[in-house]
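Enquirer: What would the 3D arrangement of this be:
(chains A, B, C and D)
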2 protein chains.
Amino acid sequence: MADPHLSPADQTRMALVIAALRLFGSKGFDGTSTREIAAAAGANVGSISYHFGGKDGLRMAAADHIVATLQGIAGPALGNLEAAIDAGLDAEAARRQLHVLLDRMVGFIVARPEAGEIVQFVLRELNQPTPALDRIYEGVFVPVHRQICKLWEAAHGEPAESVRPRLTVFTLIGQVVYFRIGRQAGLRRMGWSGIGPDEAASIIDVTRFNLDAILEGRKDGCSPGR
Amino acid sequence: MADPHLSPADQTRMALVIAALRLFGSKGFDGTSTREIAAAAGANVGSISYHFGGKDGLRMAAADHIVATLQGIAGPALGNLEAAIDAGLDAEAARRQLHVLLDRMVGFIVARPEAGEIVQFVLRELNQPTPALDRIYEGVFVPVHRQICKLWEAAHGEPAESVRPRLTVFTLIGQVVYFRIGRQAGLRRMGWSGIGPDEAASIIDVTRFNLDAILEGRKDGCSPGR
DNA sequence: GTCTATAAACAGATAGAC
DNA sequence: GTCTATCTGTTTATAGAC
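Expert: Predicted structure coming up:
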């Protein structure tokens, strides 16, 4: 469980951050006491002030941990894309890359349990911004959104940074994120007891279809009725 | 401001519920003290216990108020639809009705300030369900989702209660709700200072386009590439 | 019904032993 | 670095005056 390469102090730091992220995500910042966090991390209350200067510092550390985690997941994929786009990607290849990205997003955001804590943490920051939001926005949101916009341009032709593509990419991300946010309502309405491989496949099927439809619709050959 | 037809007690009750909804939405249930609520409502702390039995009772009352508010907005529109659908609606008329519904959803969820509190309140309930969620789910979510599914069937042909339409309607709602949830990130990324009529129009334009594209894509005549 | 005073529990921060 | 004891302020709930 504990990494032997880390000093005891770093182990405590890490344990506190992990516990804080989980609790802040599920119960909220105000709903979580420092005593709870310390207990969950197997540390004592004083260690929070010692290592992070207080509860606020722990929130910032949790945000940094989120950025590092998400960059670890999205970073390599986006880096490869960067190179491919610069090398010139044809529309069909770009469309397939969008599919891959969408699949990964659904796989992580909807199906992975740890995504719940992260999404909820970010959600609360979005609703009630603290300096922690800036890190997440600059470190994750902007790079990801910008890269998808570039991919959209390659797949579709519309300039990546004009208004419509940016908003469209928003809607593509939003439809996925909503399955996590509205999970409780979704489960009840679908009669699902959880989101396993089969349910995730259904969601990927629908979101992928939407992506293709919007992409095709935005082209000239087959515009939807207005 | 205060309704003269209401008894003084009811005025206090109402003021407390309104203040509680606003504060629970913006700062969270745990982040809001009963003193704050009482102060914002121009009442005293004791009145919360007296009228609602405690802070938990006030949350339930706020949930009921949300249900009543949303039913007041969505109810008439959905009622008229019910009749129209039963009378048999052709596909093109159904599509136009979906447009109207989408426009109203964006107009309320994205542009109206009071929608922020409501959406955030519901979001927190979805993340950490209490009995208050059941009221909202049964009173608002199910009726709205079910009605849109029926409309989808009329516009598209796919049976309203099968898996794909229900998921697709989810994505349609999700893309709109995300503009409210991710508002801070959206504003920054778009370089907007707020969402006024112009910005709302851009959002309606994109979401409406998506709706049409998905609707057309799901038909045989013009299926997107797979 | 409204409001005040008070109680009992809990919060986060910190000083100091080890 | 870790942990305990304690300080200070705040929380919700409630008893009782008006």
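Enquirer: other SSEs contacting the longest helix along chain A?
Expert: Secondary structure of chain A read by DSSP state H shows that its longest helix is helix A:55-86. Applying 3 or more Cβ pairs under 8 Å, 6 or more residues apart in numbering or on different chains; DSSP states H and E, one finds that helix A:55-86 makes contact with helix A:8-27, helix A:34-41, helix A:46-52, helix A:91-105, helix A:113-127, helix A:131-136, helix A:142-156. Yep, even glycine has a C-beta here, placed from its N, CA and C like the rest.
Enquirer: Can I get these in CSV including distance to A:Val176?
Expert: Shown next, in CSV, are those (distance: least, Cβ to Cβ, whole Å):
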stretch, distance to A:Val176
helix A:8-27, 18
helix A:34-41, 29
helix A:46-52, 32
helix A:91-105, 5
helix A:113-127, 10
helix A:131-136, 17
helix A:142-156, 11
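Enquirer: For these, give me JSON lines that also has distance to DNA strand D and mean neighbour count.
Expert: Shown next, in JSON lines, are these (distance: least, Cβ to the nearest atom of the strand, whole Å; neighbours: other Cβ atoms under 10 Å in any protein chain shown):
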{"stretch": "helix A:8-27", "distance to DNA strand D": "4", "mean neighbour count": "19"}
{"stretch": "helix A:34-41", "distance to DNA strand D": "8", "mean neighbour count": "18"}
{"stretch": "helix A:46-52", "distance to DNA strand D": "3", "mean neighbour count": "16"}
{"stretch": "helix A:91-105", "distance to DNA strand D": "36", "mean neighbour count": "17"}
{"stretch": "helix A:113-127", "distance to DNA strand D": "18", "mean neighbour count": "20"}
{"stretch": "helix A:131-136", "distance to DNA strand D": "22", "mean neighbour count": "17"}
{"stretch": "helix A:142-156", "distance to DNA strand D": "32", "mean neighbour count": "20"}
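Enquirer: coming back round to it: for the longest helix of chain A, buried residues please.
Expert: Within helix A:55-86, the residues that count as buried by 16 or more other Cβ atoms under 10 Å in any protein chain shown are A:55, A:58-59, A:61-63, A:65-67, A:70, A:73-74, A:78, A:81, A:85.
Enquirer: Would that helix count as contacting DNA strand C?
Expert: Yes. Residues of helix A:55-86 contacting DNA strand C under Cβ under 7 Å from any atom of the strand: A:55-56.
Enquirer: Quick one: work out the angle between that helix and helix A:34-41.
Expert: 60 degrees (axes from the mean of the first three to the mean of the last three Cα atoms, to 10 degrees).
Enquirer: Is helix A:55-86 positioned near DNA strand D?
Expert: No. Judged by Cβ under 7 Å from any atom of the strand, helix A:55-86 makes no contact with DNA strand D; its nearest approach is 13.4 Å.
Enquirer: what about that helix, average pLDDT?
Expert: The pLDDT scores in helix A:55-86 average 93.
Enquirer: Report the distance from it to the chain centre.
Expert: In terms of Cα atoms, centre = their mean, to the nearest Å, the centre of helix A:55-86 is set 9 Å apart from its chain centre.
Enquirer: Could you figure out how far that helix is turned away from helix A:8-27?
Expert: 90 degrees.
Enquirer: Can you list phi and psi of A:Ala43 for me?
Expert: phi -120, psi -180 (degrees, to the nearest 10).
Enquirer: Low-confidence stretches in chain A?
Expert: A:1-4, A:220-226 (pLDDT under 70).
Enquirer: residues in it within reach of DNA strand C, list them.
Expert: Counting by Cβ under 7 Å from any atom of the strand, chain A sits next to DNA strand C at A:32-36, A:45-46, A:48-49, A:54-56.
Enquirer: Give the burial count for A:Ser202, as a bare number.
Expert: Each residue near A:Ser202 was counted by other Cβ atoms under 10 Å in any protein chain shown, and the total is 17.
Enquirer: What are the buried residues along the helix or strand containing it?
Expert: In the assignment (DSSP states H and E), A:Ser202 maps to helix A:197-217. Within helix A:197-217, the residues that qualify as buried are A:199-200, A:202-204, A:206-217, counting by 16+ other Cβ under 10 Å.
Enquirer: How far does that helix sit from its chain's centre?
Expert: Put simply, helix A:197-217 sits 18 Å off its chain's centre (Cα atoms, centre = their mean).
Enquirer: Let me know the angle separating the longest helix of chain A from helix A:142-156.
Expert: 20 degrees.
Enquirer: For the helix holding A:Ser202, which helices and strands make contact with it?
Expert: Counting by 3+ Cβ pairs under 8 Å, 6+ apart, helix A:197-217 packs on helix A:91-105, helix A:163-181, helix B:163-181, helix B:197-217.
Enquirer: Tell me which of the ones you listed lies nearest to A:Gly157.
Expert: Of all those, it is helix A:91-105 that lies closest to A:Gly157, at 7.6 Å by Cβ to Cβ.
Enquirer: helices and strands around the closest one, which ones?
Expert: Counting by 3+ Cβ pairs under 8 Å, 6+ apart, helix A:91-105 packs on helix A:55-86, helix A:142-156, helix A:163-181, helix A:197-217.
Enquirer: if I look at A:Arg22, how far off is DNA strand C?
Expert: According to Cβ to the nearest atom of the strand, to the nearest Å, A:Arg22 and DNA strand C sit 15 Å apart.
Enquirer: let me fix that: A:Ala39
Expert: For A:Ala39 relative to DNA strand C (Cβ to the nearest atom of the strand), the value is 10 Å.
Enquirer: do the same with A:Ile173
Expert: In terms of Cβ to the nearest atom of the strand, A:Ile173 sits 32 Å off from DNA strand C.
Enquirer: got the contact list for that residue?
Expert: Applying Cβ atoms under 8 Å, 6 or more residues apart in numbering or on different chains to A:Ile173 gives the contacts A:105, A:145, A:148, B:178, B:182.
Enquirer: would you turn these into TSV with distance to B:Arg164?
Expert: Formatted as TSV, those follow (distance: Cβ to Cβ, whole Å):
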residue	distance to B:Arg164
A:Met105	20
A:His145	28
A:Ile148	24
B:Tyr178	21
B:Gly182	26
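Enquirer: any idea which of those is closest to B:Lys27?
Expert: Distances from B:Lys27 to these, taken by Cβ to Cβ, are shortest for B:Gly182, at 19.0 Å.
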